[in-house]
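Undergrad: Structure of the sequence below:
(2 chains)
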Amino acid sequence: MSEMWINMGPQHPMTHGLWNLRVRIDGETVLDVDPEMGYLHRGIEKISEDRHYNEVITLMDRTCYVAGLAWEHLYIIAAEKALRIQPPERADYLRMMCEEFQRIGSHLMWYAAFVQDIGLMSPFLYGMRDRDLVLDLFQSYTGARMTYEYMRVGGVRNDLPPGFTDQARKVLDWLVPRFKEYDQLCLGSDIFHKRCDHLGVLSASDCIRHGVTGPMLRSAGVKRDLRKNRPYSLYKEVDFDVAVADGADVTARYLVRMEEMRQSVRILRQVVDWLDAHPGPVMAETVPRWMGAPYAPVGREGYLLKRQYPKGVGFSSIEEPHGEAQAYVVNEGGEHPYRVKFRSPVFANLSAARTYLVGYHVADIPPIMGSVDVCVGECDR
Amino acid sequence: MQPADLERALAPKLGAGLIGVEPFEGMAGRVRFHREAALDLFRTVREDLGFAHLSMVGGIDWVTHREVFYVVWSDDANQYLVLSTDLPAEDAHVESASGVWPSANWHERETWEMVDVTFDHHPDLRHLLVPDGYVFHPLLRSFKLHEPEELEVKSRHV
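TA: Predicted structure coming up:
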């Protein structure tokens, strides 16, 4: 049989975004792959060098459009370390709530798209329906469903509207039995097992060699979750378990993500209870008004007066829905960051594509790539 | 692991190649090294100190010189470590880390096209995020955001 290269993408149902997977095949067997990225490169790191610290937050929502709040959280932690600003406790809890709701939203989006890839149509509708409930919650306190711009250096933009926590509890109560239904739809289906079991196997040692993190790493049995290993924000205050599985295949990644959503619900119940019991400020008092705090005291500084911060470097790493994201913010004392560098988990997970695709069949590529949970926006930045 | 421990572990292997280990918030430390010692440092950090996971490689253009930094993680120590070296702007090249950490491959391709740092002995130094034939290096300070450049973009496929 003669070998040939085929292009899957840039517009292919498998890609879930704009990228091109070049595949060398012999008959139906995959011999080599070469992911081709950059179709969605917007130069976010470069644009950040030309903006105020708070203006970068707008870009973070667009970096990963299914997990905008998680990326805002990532950048905010690094920026606060670079500028040496401490947020109030309530703001930290609000950020944790954002991140966990975002994890559920992102995983539901993944679930909807992935299950459709393997030929089950109705779970797509169920996944999107339940994700909308999460988006409604976001809309009620950030005003947006996708591009939130909610966090600020030194805190968050506004507190929760009245009645929010009751609504949040209702959504959580609705979601928990739904997860069981998802499992029945997928794990009870022969089609699912025939298309997912023992596919795209990536062992723990290969994950570490290639820098793969997140649900892919945990599906290989490695119990590594930054929320536990190096708790940022106030994750050490809440009680939850790290989701792991040991198949290292597509099914194992499904199991890990489903368990992560259940654990997110567990975290959210604790966080919402805390927020109910502890009213307080959501913005640090020391933040000057030009940094965007709408009701911070004006003090000696006017709106446009520039303030020189002491130089510093901020590094943060969070467990984003796709894996471990990192930000490296260099502050040279001006009003703009000197350099911002982001590490996208999808970027690293895709760079290992050769390891988990070669040797399988062409028809196996959509379920395998679906289980990677590709978000091209954050990969290309 | 503290900066002083790291310095004690690294100094005998690297000799003059090691400049020093500085404290860094949220990390085990920041190892400053000369580029001649790059490969020795990567091997020591990975094999002797157990930092098996390379998270990212990035470059910073300081106009007078360029900095390349590597963020690595160790599961045993439960800590990050950043390695950083300065390169002269007119001759910015350093040994590739992808022989030691395969995950460096794409990160170095990105750093090469964005900050114009060449990685010697890299297995596959091609454009990743910008098209082939793109002659600019967008993350250099000399690349101005508000002065658009026109260029003809070649197709990636032969």
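Undergrad: from here on, contacts and neighbour counts on C-alpha atoms
TA: Will do.
Undergrad: Near the residue in the stretch 51-200 of chain A that chain B sits nearest to, how many other residues are there?
TA: Proximity to chain B, evaluated over the stretch 51-200 of chain A using CA to the nearest CA, is greatest for residue A:81 at 8.4 Å. Residues within reach of residue A:81, counting by other CA atoms under 10 Å in any protein chain shown, total 22.
Undergrad: Who are the packing partners of the strand or helix carrying it?
TA: Using DSSP states H and E, residue A:81 sits within helix A:68-83. Secondary-structure packing of helix A:68-83 (3 or more CA pairs under 8 Å, 6 or more residues apart in numbering or on different chains; DSSP states H and E): helix A:56-63, helix A:89-117, strand A:151-152, strand A:312-320, strand A:323-331.
Undergrad: Tell me how far the last one lies from the chain's centre.
TA: Its chain's C-alpha centre lies 14 Å from the corresponding centre of strand A:323-331 when counted by CA atoms, centre = their mean, to the nearest Å.
Undergrad: and it with strand A:312-320, angle?
TA: Using axes from the mean of the first three to the mean of the last three CA atoms, to 10 degrees, the inter-axis angle of strand A:323-331 relative to strand A:312-320 is 160 degrees.
Undergrad: Let's see the distance spanning stretch A:188-204 from one end to the other.
TA: 27 Å (CA to CA, to the nearest Å).
Undergrad: Show me what it is in contact with.
TA: Outside stretch A:188-204, the residues that touch it by CA atoms under 8 Å, 6 or more residues apart in numbering or on different chains are A:118-119, A:186-187, A:217, A:220-222, A:247-251, A:355-357, A:360, A:364, A:367-368.
Undergrad: Now, of those residues, which are buried?
TA: By neighbour count, with 16 or more other CA atoms under 10 Å in any protein chain shown, those hold A:118, A:186, A:217, A:220-222, A:247-251, A:355-357, A:360, A:364, A:367-368 as buried.
Undergrad: Show me those residues that map onto helices.
TA: A:186, A:217, A:250-251, A:355-357, A:367-368 (DSSP state H).
Undergrad: Make CSV out of the helices and strands packed on helix A:68-83 and add mean pLDDT.
TA: Below are the helices and strands packed on helix A:68-83 laid out as CSV (pLDDT from 0 to 100):
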stretch, mean pLDDT
helix A:56-63, 88
helix A:89-117, 90
strand A:151-152, 86
strand A:312-320, 87
strand A:323-331, 89
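Undergrad: Nearest to residue B:18, out of these?
TA: Closest approach to residue B:18 among the helices and strands packed on helix A:68-83 (CA to CA): strand A:312-320, 21.4 Å.
Undergrad: Which secondary structure elements does the closest one sit against?
TA: Against strand A:312-320 (3+ CA pairs under 8 Å, 6+ apart) you get helix A:68-83, helix A:226-229, strand A:323-331.
Undergrad: For residue A:77, give me its contacts.
TA: Contacts of residue A:77 (CA under 8 Å, 6+ apart): A:314-316.
Undergrad: switch the cut-off to 6 Å
TA: Neighbour list for residue A:77: residue A:316 [criterion: CA atoms under 6 Å, 6 or more residues apart in numbering or on different chains].
Undergrad: Per-residue pLDDT of it, please?
TA: With respect to pLDDT, residue A:77 scores 90.
Undergrad: re the thing from before, what residues does the residue of the stretch 51-200 of chain A closest to chain B make contact with?
TA: Here residue A:81 is in contact with residue A:314 (CA under 6 Å, 6+ apart).
Undergrad: Pull the distance from the helix holding residue A:81 to the chain's centre.
TA: Between the centre of helix A:68-83 and the centre of its chain there are 13 Å (CA atoms, centre = their mean).
Undergrad: go on, stretch A:374-381?
TA: When distances are taken as CA atoms, centre = their mean, stretch A:374-381 is centred 11 Å away from the chain's centroid.
Undergrad: what does it rub up against?
TA: Outside stretch A:374-381, the residues within contact range by CA under 6 Å, 6+ apart are A:17, A:38, A:40-42, A:44, A:63-64, A:344, A:346-347.
Undergrad: Restricting to the residues you listed, which residues neighbour chain B?
TA: Under the cut-off given by CA under 6 Å from any CA of the partner chain, chain B has residue A:38 from the contacts of stretch A:374-381 close to it.
Undergrad: Skip the chain neighbours and tell me the closest residue to the residue of the stretch 201-350 of chain A found nearest chain B.
TA: Nearest to chain B, among the residues of the stretch 201-350 of chain A, is residue A:210, at 4.2 Å (CA to the nearest CA). Leaving aside its sequence neighbours, residue A:210 sits nearest to residue B:103 (CA to CA, 6 or more residues apart in numbering or on different chains; 4.2 Å).
Undergrad: Nothing else from me, thank you.
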